[in-house]
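# Below is the structure, and that's it, no one-letter string:
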């Protein structure tokens, strides 16, 4: 499944491109706005598992093929009875769960429409960058369905209850600049610069100490599931545990990495 460095691997629904320690996973159904078919979901979950198991992979960028869409969400044309709440039971392929289970940082490069299930995927990613032409929408109420991959809870926790209801109860589109103002995305860039921006940012992650990257990411995620007091206590415990595994050489190498940072690079 994995491609060689500086190489590309294609399945029927995915393109996996690797450059050093960074892998770009492209949802490849542009004729249907990269809709999440059963086959695409299975291939995506398998790909993320393989990438997570590969110690040479340090960051993953997720995007959509073509210029029109990141993904329009679930492919509702496949079967009338396959609802979001039962997808995992039907085929065991939940892309949101696959992202959450991945220990490698996943960066969403939202290059166009990001609708419903697409928003659920973007919200599950660790970092989200959007092209200025990107548009977001939660159309569950338009279709007459409730979300089943956690959208109702993730969106409200990320941007607040009232703003989440503004988006989800109307089904209206939100442009990239508004999404940034709401805190839905980390940054907005020109479409021609989106991938280079993501790759440059991913390189910052890839150049860091990987044990610490994984531990820090998990600490943030786990802490969000606790009360503030519990999360602070969790941080103290994991800090002590992590520090206990370091020796003088580890500290010296860490200092060298810090001194080699490009201090002119900002995001």
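Looks like it arrived, so ask away. All values reported here derive from a predicted model rather than from experimental measurement. Numbering: from 1, shown residues only.

# contacts and neighbour counts: CA atoms only from here.
OK.

# ok, now which ones touch the nearest residue to residue 213 once chain neighbours are set aside?
Leaving out its chain neighbours, the residue that sits closest to residue 213 by Cα to Cα, 6 or more residues apart in numbering is residue 205, at 7.5 Å. Residues in contact with residue 205, defined by Cα atoms under 8 Å, 6 or more residues apart in numbering, are 58-59, 213.

# my guess is residue 205 is in a strand, correct?
No. Going by DSSP: H, G, I helix; E, B strand; the rest coil, the assignment for residue 205 is helix, not a strand.

# rewinding a little: in strands, which of the contacts of residue 205 appear?
residue 59 (DSSP state E).

# If you rank the contacts of residue 205 by neighbours, which is first?
Of all those, residue 58 has the most neighbours under the rule other Cα atoms under 10 Å, reaching 26 neighbours.

# Surely that residue is in contact with residue 212?
No. Assessed by Cα atoms under 8 Å, residue 58 is found out of contact with residue 212, at 11.9 Å.

# so what's the residue nearest in space to the middle of the chain closest to, chain neighbours aside?
Nearest residue to the geometric centre of the chain (Cα atoms, centre = their mean): residue 125, 2.1 Å. Nearest non-adjacent residue to residue 125, counting by Cα to Cα, 6+ apart: residue 106, 5.3 Å away.

# that older thread, closest to residue 237 out of the contacts of residue 205?
Using Cα to Cα, residue 213 comes nearest to residue 237 of these, at 16.9 Å.

# Just the pLDDT for that closest one.
Listed pLDDT for residue 213 reads 95.

# So it versus residue 242, what's the distance?
Relative to residue 242, residue 213 is positioned 12 Å away (Cα to Cα, to the nearest Å).

# Report all helices and strands that the strand or helix carrying residue 49 contacts.
Using DSSP states H and E, residue 49 sits in helix 38-53. Packing contacts for helix 38-53, counted by 3 or more Cα pairs under 8 Å, 6 or more residues apart in numbering; DSSP states H and E, involve strand 14-19, helix 95-101.
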